[in-house]
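1. what would the 3D arrangement of this be:
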Amino acid sequence: MNFHLFYWKEKGECTMMTSEDIKRRLWEGANELRGSMDASRYKDYMLGLMFYKFLSDKTLEAFQTTSGVTGTTEEIVTAYESAYEKHGDMLLKMLEGLLGYYVLPEHLYQRWLADINDGAFELEKVTESLQAFERNIASTKEADDFQGLFSSSTIDFTDTALGNNLNARSRNVQKLIGLFADLDMVALQKGDVLGDAYEYLIGQFAMESGKKAGEFYTPRQVSEVMAQIVAKTTEVETIYDPTVGSGSLLLTVSKHLSPDAQKSLRYYGQEKNTATYNLTRMNLLLHGVRPSNMTIKNGDTLGPDWPEDPERPNEGVQFDAVVMNPPYSLKNWNQENLKVTDPRFEIAGVLPPDSKGDYAFLLHGLFHLDQEGTMAIVLPHGVLFRGGAEGEIRKRLLDKNLIDAVIGLPDKLFTNTGIPVTIMILKKNRPLDASVLLIDASKSFTKEGKQNVLQEKDIAKIVDTYIERREEEGYSHNATKKEIVDNEYNLNI
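-> Here you go, the predicted structure:
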């Protein structure tokens, strides 16, 4: 889908851009401006400032709507300043009621741009603005959703990678601020283009980051397979990603729901890496997810259980859909010295081996899956055939009739690993005699440079085969319980 958009340049003339133009311009700008800085680090600055421009534009739009003020951006900023001088906290409470946040007049992105134009720009004013936003939001209902978004651990303007002295850093940050100067973030969000551009940039940074990308990005085509299976077979009102990364999996599921279901969908996620956790919250907010509909936690999924139902601590909160792309075969995962008596692992009877955390993530997700829900998880192929404790866990899951399907994907789909991976689908409400559907989609792909890519037709075939549970020689097979037992519980496709 290619939306046509209008945006206003400083001079006031109207120019037409497509969403593809915006993506291309922003990515070219990113490459030109970041110089030798590592892509995985530069993304925090670029995406953080892009998000702050969105917060400033939304603040001005809300002020304009309630005050009836019209005119150029400069005139609206001036009117906002005057109204703040006159009404103070009353105006801020009104904006907070509408948006859940506000940016003070003196800290608007537009102020930075004015300072740049006047030759009065000071880098510390940007830091001051970001910190002020966090302080001002601290007492609001949405405090948790915004807290730490612009923390110095994520956006540090003293970082020498931005320039080896203050003047160089100031010049580079000014160029970065200028990259978003003429984009109307409110109009772009209404056209669904802002979130689309943000996701695109996350994906591009992931490809540039290589191995570092695995912690914050699931390739779009893999997300599509998981999302379509979940959305087309389950009534989804709540969704949880225990290794949420940038939030793209949650948003891809949402995209396949009806407009009404999207409005009421409640998003839950947990992320260990703080910078990535910040990315998740920005990404959801840019896609129009209301703060009241999202609960994202900065924490270790394989530490103490979350989210926990205080009334039923041994059950945990359960969700209609659980989707996840955890780190593969994570070593030394059991840092908290969890025991098999942990409610998440009781169903397995044994703990996953300390050298490989794959089943630990799977069991955490399964524990939080509702009786009528669907879970989709990306895993390395080893989980299908490895022995020892993993073999025991796989046997237990099969005996308890919890594995619904195994989908083998091509290798080289991910930027951070060349290994082929599998999507495992789990359900708790399967008929007693249900088969396990095995799909071998490892040969259905197109080569693009060094990567392999699933095309729309490849994705559609996987999803249709799953929904219809159809058999096709060399591609899919419904394995009966007897076949699985005869095969010694080995699920290798």
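
2. run through the stretch 301-450 of the chain and note the low-pLDDT ranges.
-> 313, 415-418 (pLDDT under 70).

3. how does it look with 80?
-> 309-315, 412-420, 444-450 (pLDDT under 80).

4. all strands of it, in order?
-> With DSSP state E, counting those that start in this stretch as the criterion, the stretch 301-450 of the chain has strands at 319-324, 369-380, 403-408, 421-426, 436-440, 446-448.

5. want to try a markdown table for the ones you listed, with mean neighbour count and distance to Tyr45 as columns?
-> Glycine gets a C-beta too; all of them are placed from N, C-alpha and C. As requested, the strands of the stretch 301-450 of the chain are arranged in a markdown table below (neighbours: other C-beta atoms under 10 Å; distance: least, C-beta to C-beta, whole Å):
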| stretch | mean neighbour count | distance to Tyr45 |
| --- | --- | --- |
| strand 319-324 | 25 | 28 |
| strand 369-380 | 21 | 29 |
| strand 403-408 | 23 | 37 |
| strand 421-426 | 22 | 31 |
| strand 436-440 | 21 | 41 |
| strand 446-448 | 10 | 28 |
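
6. tabulate these (TSV), appending distance to Phe345.
-> TSV is the format used below for those (distance: least, C-beta to C-beta, whole Å):
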stretch	distance to Phe345
strand 319-324	16
strand 369-380	15
strand 403-408	17
strand 421-426	15
strand 436-440	22
strand 446-448	40
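
7. so which of the ones you listed gets nearest Glu208?
-> strand 446-448 (15.4 Å; C-beta to C-beta).

8. residues in contact with the closest one?
-> 452-455 (C-beta atoms under 8 Å, 6 or more residues apart in numbering).

9. ok, of those residues, which come out buried?
-> 452-454 (16 or more other C-beta atoms under 10 Å).

10. can you give the distance of stretch 347-365 from its chain's centre?
-> Distance of stretch 347-365 from its chain centroid, counting by C-alpha atoms, centre = their mean, to the nearest Å, is 24 Å.

11. return the alpha-carbon coordinates of stretch 36-53 using PDB.
-> Output of stretch 36-53 as PDB, limited to C-alpha atoms (Å, rounded to 0.1, in the frame of the first residue of the first chain):
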ATOM      1  CA  SER A  36      31.300   5.400  11.200                       C
ATOM      2  CA  MET A  37      28.800   5.000  14.100                       C
ATOM      3  CA  ASP A  38      27.500   1.500  14.600                       C
ATOM      4  CA  ALA A  39      24.000   1.100  13.200                       C
ATOM      5  CA  SER A  40      22.600  -0.600  16.300                       C
ATOM      6  CA  ARG A  41      23.800   2.400  18.400                       C
ATOM      7  CA  TYR A  42      22.800   5.100  15.900                       C
ATOM      8  CA  LYS A  43      19.300   3.800  15.700                       C
ATOM      9  CA  ASP A  44      18.700   4.900  19.300                       C
ATOM     10  CA  TYR A  45      19.500   8.500  18.500                       C
ATOM     11  CA  MET A  46      17.600   8.700  15.200                       C
ATOM     12  CA  LEU A  47      14.500   6.900  16.300                       C
ATOM     13  CA  GLY A  48      14.500   8.700  19.700                       C
ATOM     14  CA  LEU A  49      14.500  12.100  18.000                       C
ATOM     15  CA  MET A  50      12.000  11.000  15.400                       C
ATOM     16  CA  PHE A  51       9.700  10.000  18.300                       C
ATOM     17  CA  TYR A  52      10.200  13.300  20.200                       C
ATOM     18  CA  LYS A  53       9.200  15.200  17.000                       C
END
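
12. list the buried residues in that stretch.
-> 37, 39-53.

13. likewise for stretch 173-186?
-> 173-174, 176-177, 179-180, 183-186.

14. what's in contact with that stretch?
-> Contact with stretch 173-186 is made by 6-10, 22, 26, 29-30, 33, 45-46, 49-50, 53-54, 57-58, 61, 109, 112-113, 116, 121, 123, 126, 157, 162, 194, as judged by C-beta under 8 Å, 6+ apart.

15. ok, now with 6 Å
-> 7, 9, 29, 33, 49-50, 53-54, 57, 61, 112-113, 116, 121, 123, 194 (C-beta atoms under 6 Å, 6 or more residues apart in numbering).

16. packing partners of the longest helix that the chain contains?
-> Using DSSP state H, we find that the single longest helix of the chain is helix 39-67. Applying 3 or more C-beta pairs under 6 Å, 6 or more residues apart in numbering; DSSP states H and E, we find helix 39-67 packed against helix 73-87, helix 89-99, helix 109-118, helix 185-190, helix 193-209.

17. most tightly surrounded among those?
-> The highest mean neighbour count among the helices and strands packed on helix 39-67, using mean count of other C-beta atoms under 10 Å, belongs to helix 193-209: a mean of 22.

18. so it versus helix 39-67, what angle?
-> Helix 193-209 and helix 39-67 are oriented at 170 degrees to each other (axes from the mean of the first three to the mean of the last three C-alpha atoms, to 10 degrees).

19. residues of the helix or strand just after helix 193-209 that come out buried?
-> Next helix or strand after helix 193-209 toward the C-terminus (DSSP states H and E): helix 220-233. Within helix 220-233, the residues that count as buried by 16+ other C-beta under 10 Å are 220-231, 233.

20. repeat that for stretch 160-175.
-> 161-163, 169-170, 172-174.

21. which one of those sits closest to Leu265?
-> Of the buried residues of stretch 160-175, the one sitting nearest to Leu265 (C-beta to C-beta) turns out to be Val173, at 36.2 Å.

22. let me know the helix or strand that the closest one is in.
-> Going by DSSP H and E, Val173 is in helix 166-179.

23. cool, and Thr243?
-> Using DSSP H and E, no helix or strand contains Thr243.

24. please name the nearest non-neighbouring residue to it.
-> Excluding the flanking residues, the one nearest Thr243 by C-beta to C-beta, 6 or more residues apart in numbering is Pro326, at 4.5 Å.

25. for stretch 423-431, measure first residue to last.
-> 21 Å (C-alpha to C-alpha, to the nearest Å).

26. Ser292 and Leu99: what is the separation?
-> 12 Å (C-beta to C-beta, to the nearest Å).

27. ok, Gly247 next?
-> 20 Å.

28. go on, Ala389?
-> Ala389 is 50 Å from Leu99, by C-beta to C-beta.

29. and Lys412, by the same measure?
-> With C-beta to C-beta as the criterion, Lys412 and Leu99 are 43 Å apart.

30. where does the stretch 101-250 of the chain dip in pLDDT?
-> For the stretch 101-250 of the chain, the ranges with pLDDT under 80 are 137-146, 151-154, 191-192, 195, 199, 202-203, 206-219.

31. got the contact list for stretch 374-386?
-> 226, 229-230, 233-234, 321-325, 328-329, 358, 362, 365, 369, 419-427, 490-492.

32. between the two ends of that stretch, what distance do you get?
-> Across stretch 374-386, first to last residue, C-alpha to C-alpha, it's 24 Å.

33. start at 709, not 1
-> That works, and once the first residue is 709, the last one we named lands at stretch 1082-1094.
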